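>>> pasting the sequence and the predicted model now:
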Amino acid sequence: HQTTKQGTLDQRSKLGRKHCSIHSTKQQCQQIRHNAGKSDETMIHFFLVQNRQGKTRLSKWYSPFDDLEKRKLSDEIHRLVNSREAKFTNFVEFRTYKIVYRRYAGLFFCMCIDPNDNELAHLEAVHLFVEVLDLYFGNVCELDLVFNFYKVYTLLDEVFLSGEIMETSKPVILGRMEQMDALQ
């Protein structure tokens, strides 16, 4: 059984080798995934930053949850990740999702993703976000998140948009922030 070069290319496109670019709209990305046989629900559902006491310092919700459910989720996730020992992995199954988290000093950066998403890619995205925060604020701390929350949300929106990773280049993200800072 031989496969021609054209047949191999057709199989690749059927397997979803075509990727969304930074210039693609959300509808275009969903269409690409749909055509590749992937679920349209592959996404980040929410992003939380909490301290060790359970205070939420940053929350971004990409899926609809009511206020009571958001509070309940925040509390449950804090109890879950705060009680885990450092020797365990940084992702855990939670309800019908997966929680990917990483602890930096006294803060937990948590991301809720679909169970079929790549945990390591999202763990790396969390690390990228923390590196961008660190470069922007110069050794970021919890007080930077509290007193400059509007800048933190802007940085978050530069990295993640509509529940998907949109930009991975630190110089591009920081360049956009410099442009926005110049407008003020």
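That came in fine, so what should we check first?
>>> give the other helices and strands that the top helix by length along the chain contacts.
Among the segments of the chain that qualify as a helix by DSSP state H, the longest is helix 119-137. Contact analysis of helix 119-137 by 3 or more Cβ pairs under 8 Å, 6 or more residues apart in numbering; DSSP states H and E lists strand 91-94, strand 97-104, strand 107-113, helix 142-147, helix 149-159, strand 164-165, helix 170-183 as its packing neighbours. Any C-beta I mention is one placed from the backbone N, CA and C, and that applies to glycine too.
>>> in its sheet, which strands sit next to the second one, and in what direction?
In other words, strand 97-104. The strands that strand 97-104 pairs with in its sheet are strand 91-94 (antiparallel), strand 107-113 (antiparallel) (by DSSP bridges).
>>> okay if I get those strands as CSV plus mean neighbour count, mean pLDDT and distance to residue 134?
Below are the strands paired with strand 97-104 laid out as CSV (neighbours: other Cβ atoms under 10 Å; pLDDT from 0 to 100; distance: least, Cβ to Cβ, whole Å):
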stretch, mean neighbour count, mean pLDDT, distance to residue 134
strand 91-94, 15, 93, 22
strand 107-113, 24, 96, 12
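>>> which of these sits closest to residue 156?
Closest to residue 156 of these, according to Cβ to Cβ: strand 107-113, at 10.6 Å.
>>> just want the angle from the closest one to helix 119-137.
140 degrees (axes from the mean of the first three to the mean of the last three Cα atoms, to 10 degrees).
>>> beta partners for the closest residue to residue 86 other than its chain neighbours?
By the measure of Cβ to Cβ, 6 or more residues apart in numbering, the closest residue to residue 86 outside its immediate chain neighbours is residue 103, 7.9 Å from it. Beta bridges link residue 103 to residue 108 when assigned by DSSP bridges.
>>> residue 103: how many residues sit nearby?
Summarising burial for residue 103: neighbours were counted as other Cβ atoms under 10 Å, giving 15.
>>> what's the answer for the one 3 residues further on, then?
Using other Cβ under 10 Å, the number of residues around residue 106 comes to 11.
>>> now do the contacts for it.
For residue 106, the residues meeting the contact criterion (Cβ atoms under 8 Å, 6 or more residues apart in numbering) are 51, 52, 142.
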